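Enquirer: here is my input; please provide its structure:
(chains A and B)
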Amino acid sequence: GQQLNQSPQSMFIQEGEDVSMNCTSSSIFNTWLWYKQDPGEGPVLLIALYKAGELTSNGRLTAQFGITRKDSFLNISASIPSDVGIYFCAGRGAGGTSYGKLTFGQGTILTVHP
Amino acid sequence: DVKVTQSSRYLVKRTGEKVFLECVQDMDHENMFWYRQDPGLGLRLIYFSYDVKMKEKGDIPEGYSVSREKKERFSLILESASTNQTSMYLCASSLRPGLAGGRHEQFFGPGTRLTVL
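Expert: I've put the predicted structure just below:
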């Protein structure tokens, strides 16, 4: 089946630093989604991308749908302590079945030191 | 706002017990999903449903079954709980992509942390 490789697996940064994480696939994806999961909670959708090359921002977060349609990245600028959590990428491959099934990356665990 | 609720946040059961996890969504979504989340493994799809009484196996259906008798409710059943089913269980829902302009966004509940002793 389709797989997503998300990196890095974990990050330890100082408050105020910028963060970058990415996901890559061996096959073409039509949709990229980025989620954040706070400790003990369910994932919350941050950004949705539907077109190759699309660049979308949500506050301090910016995500891009790669031109090759096989990758996506998420940037967080000027990190703050509440950015702590697990960030997941998710995607839907081209030619997949309907019903909206997604493939998820393994997650990036972000720790922000004050 | 979409709201997905799960019947319990924390659950402790004994090996061999039958366990029911309930999920309810209030946005009239066609699709509903059950995942389990384990450290280092991300989210793995157990079962999903695209309509009432319709279900399909995900990537790890063994040891689980599901029920969808009403559109808003999707239940995950562990027929005989085992210790390797100790995990975080997440429910999600989404519109059918064809009805949502091709959008595939899934909305998650808060999760149920199940411990099987």
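
Enquirer: strands of chain B, start to end?
Expert: All strands of chain B, identified by DSSP state E, fall at B:4-6, B:10-13, B:19-25, B:31-38, B:42-51, B:54-57, B:64-70, B:73-78, B:87-94, B:107-108, B:112-116.

Enquirer: may I see those strands arranged in CSV, with distance to residue A:68 and mean neighbour count as well?
Expert: Quick note: C-beta positions are derived from backbone N, CA and C, even for glycine. Listed next are these as CSV, based on distance: least, C-beta to C-beta, whole Å; neighbours: other C-beta atoms under 10 Å in any protein chain shown:
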stretch, distance to residue A:68, mean neighbour count
strand B:4-6, 33, 18
strand B:10-13, 43, 14
strand B:19-25, 35, 19
strand B:31-38, 28, 23
strand B:42-51, 22, 21
strand B:54-57, 30, 14
strand B:64-70, 36, 16
strand B:73-78, 36, 20
strand B:87-94, 26, 24
strand B:107-108, 29, 22
strand B:112-116, 38, 19
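
Enquirer: quick one: which of the ones you listed is nearest residue A:19?
Expert: Comparing those against residue A:19 with C-beta to C-beta, the closest turns out to be strand B:42-51 (18.9 Å).

Enquirer: for the closest one, the distance to its chain's centre please.
Expert: How far strand B:42-51 lies from its chain's middle: 6 Å, per C-alpha atoms, centre = their mean, to the nearest Å.

Enquirer: and residue A:82, which of the three is it?
Expert: helix (DSSP: H, G, I helix; E, B strand; the rest coil).

Enquirer: residues contacting it?
Expert: Applying C-beta atoms under 8 Å, 6 or more residues apart in numbering or on different chains to residue A:82 gives no contacts.

Enquirer: how much space separates it from chain B?
Expert: Residue A:82 is 18 Å from chain B, where distance means C-beta to the nearest C-beta, to the nearest Å.

Enquirer: can you pull up the bridge partners for the single nearest residue of chain B relative to chain A?
Expert: Closest to chain A within chain B is residue B:108: 3.6 Å, counting by C-beta to the nearest C-beta. With DSSP bridges applied, residue B:108 shows beta-bridge pairing to residue B:92.

Enquirer: ok, it touching residue A:43?
Expert: Yes: applying C-beta atoms under 8 Å, one finds residue B:108 in contact with residue A:43, separated by 4.9 Å.

Enquirer: per-residue confidence at the most centrally placed residue in chain B?
Expert: Centroid-nearest residue in chain B, with C-alpha atoms, centre = their mean: residue B:34, separated by 2.3 Å. pLDDT, residue B:34: 98.

Enquirer: my guess is it meets residue B:93, correct?
Expert: No: counting by C-beta under 8 Å, residue B:93 is not a contact partner of residue B:34; they are 10.7 Å apart.

Enquirer: overlap in contacts, these two.
Expert: The contact lists of residue B:34 and residue B:93 share B:23, B:74, where a contact means C-beta under 8 Å, 6+ apart.

Enquirer: who's in contact with residue 3?
Expert: If you meant another chain, say so; for now it's chain A. A:25, A:26, A:103.

Enquirer: was after chain B, sorry
Expert: Contact analysis of residue B:3 by C-beta under 8 Å, 6+ apart lists B:25, B:26, B:27.

Enquirer: now swap in residue B:11 and tell me
Expert: By C-beta under 8 Å, 6+ apart, residue B:11 lies in contact with B:19, B:21, B:112, B:113, B:114, B:115.

Enquirer: could you do residue A:12 as well?
Expert: Residue A:12 touches A:111, A:113, counting by C-beta under 8 Å, 6+ apart.

Enquirer: ok, now residue A:29?
Expert: A:69, A:70, A:72, A:91, A:92, A:93, A:94.
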